[in-house]
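# Output the structure for:
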Amino acid sequence: MEQVLIDIYENIKLQLPHFVIAFIIVTLFFIMRSWIVKLILALINKLMIGIKEETRKTIRDAFEKPLRVMVVIVGLYIAVLNLPYDLQSDSLMARCLKTVFIITFAYGMYYMDHVITIAMSKFRRKIQFEASEVLKKFTLRIYHVVVVLVAITMAADQFGINVNSIIAGLGIAGLAVALAAQDTLANVFGGITVIFDKPFDVGDLIRTGNIEGFVEDISFRTTKLRTLTKEMVTIPNSAIANGAILNFTQRDQRRIKMVLGATYNTTRQEIQSVIRDLTDMLIALKGVDTDSVYVRFDGFGPSSKDIYISFMVLTADWGEYLIIKEEACYGMMDVFEKHAVDFAFPSQSVYFENPIKMEKTRI
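As a prediction, the model looks like this:
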């Protein structure tokens, strides 16, 4: 027993300097990681000649944290190689370190959204393709998924895992899942159709079916609308893709249509004068499409002589539309007052065939 303890002591004594050196290496790399990272980023910054400062900053910010981890990993890897053990490149420790290295690099690539957005914008300008905000978000999601999948594949390869066989196995199971999730797949394909057809974008005011509201989010499966009364409505993309979509935001004009009723004692000459002045007032009104102004005597209503008015305002903004409509209503009031014509309101006259006799009743 005593000899065993002596052998253990001698073994530790021989290996202790290696562990001390390994500890010193890891400590040095840990302490110097900030300086090393700054040096690497400065070198990368010099290599990025001709790139805008905003893009450079995005790259530096994306890789600063991963580089700190990578520096420590390199130090740990060097320290492990210094130990008196047979740790070849295919050993478990080395493979684990390489896996962590892959994950940290993928972390930096994952947060390169700004750079990817700029690259996509340049590519779209070359092919003369205009992309919506939804398509941009969709592309970034695909980029994130690709980065994660590539990182998983590379990490699995370090441990000899054949990803292709796993994918083939999932394909058979996926067929059963697809048959059981037809509605979900229909919504996903509907979302892809909406994204690429671009019938609307986030922030647009649309109507689909009997639902009207502002688009707040478009995902793979659903589209979320905020109604005018502030409720949140979640609609499956398959219903949107297969239905009619009315986009109010994409129009460049809004129509104003109304019927003004003049009392029945208004003469023909007065109505003609009112129509003429209403037409001149609307044509002179700022924000009105002059070619779209129609003011006509429309016929005889139950309680009024009706004047039909229709015109387009040159704005799609709801607030500006209301302001122009308000000014038009004030102008209509002024025209009626100018000609001493009264607005009609619903009324009825009752005629009795025989005169009504009023008799006093004694109580």
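# how about the helices in the stretch 51-200 of the chain?
In the stretch 51-200 of the chain, the helices defined using DSSP state H, counting those that start in this stretch lie at 53-82, 92-110, 113-127, 133-158, 163-180, 182-197.
# Confidence-wise, which of those helices is weakest overall?
Note on those: lowest mean pLDDT is at helix 163-180, with a mean of 53.
# can you pull the buried residues of stretch 279-296?
279, 281-282, 285, 288, 293, 295 (16 or more other C-beta atoms under 10 Å). In this view, the C-beta of every residue, glycine as well, is placed from N, C-alpha and C.
# Please flag which of these sit within strands.
residue 295 (DSSP state E).
# nearest to residue 23, of the buried residues of stretch 279-296?
Checking these against residue 23 by C-beta to C-beta gives residue 288 as the nearest, at 82.0 Å.
# and the closest one, what are its bridge partners?
Taking DSSP bridges, one obtains residue 313 as the residues bridged to residue 288.
# Dump the buried residues of stretch 279-296 into a markdown table; add pLDDT and distance to residue 53 as well.
Formatted as a markdown table, those follow (pLDDT from 0 to 100; distance: C-beta to C-beta, whole Å):
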| residue | pLDDT | distance to residue 53 |
| --- | --- | --- |
| 279 | 95 | 58 |
| 281 | 95 | 55 |
| 282 | 95 | 53 |
| 285 | 93 | 49 |
| 288 | 93 | 47 |
| 293 | 94 | 53 |
| 295 | 95 | 59 |
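# now the buried residues of stretch 279-296 as JSON lines including distance to residue 257?
Output for the buried residues of stretch 279-296, formatted as JSON lines (distance: C-beta to C-beta, whole Å):
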{"residue": "279", "distance to residue 257": "15"}
{"residue": "281", "distance to residue 257": "16"}
{"residue": "282", "distance to residue 257": "12"}
{"residue": "285", "distance to residue 257": "15"}
{"residue": "288", "distance to residue 257": "13"}
{"residue": "293", "distance to residue 257": "12"}
{"residue": "295", "distance to residue 257": "11"}
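# Tell me the spacing between residue 262 and residue 221.
55 Å (C-beta to C-beta, to the nearest Å).
# before we move on, could you check phi and psi at residue 262?
phi -100, psi 150 (degrees, to the nearest 10).
# Not counting its neighbours along the chain, what's nearest it?
residue 305 (4.8 Å; C-beta to C-beta, 6 or more residues apart in numbering).
# Now do residue 199 against residue 193, distance only.
Distance from residue 199 to residue 193, by C-beta to C-beta: 9 Å.
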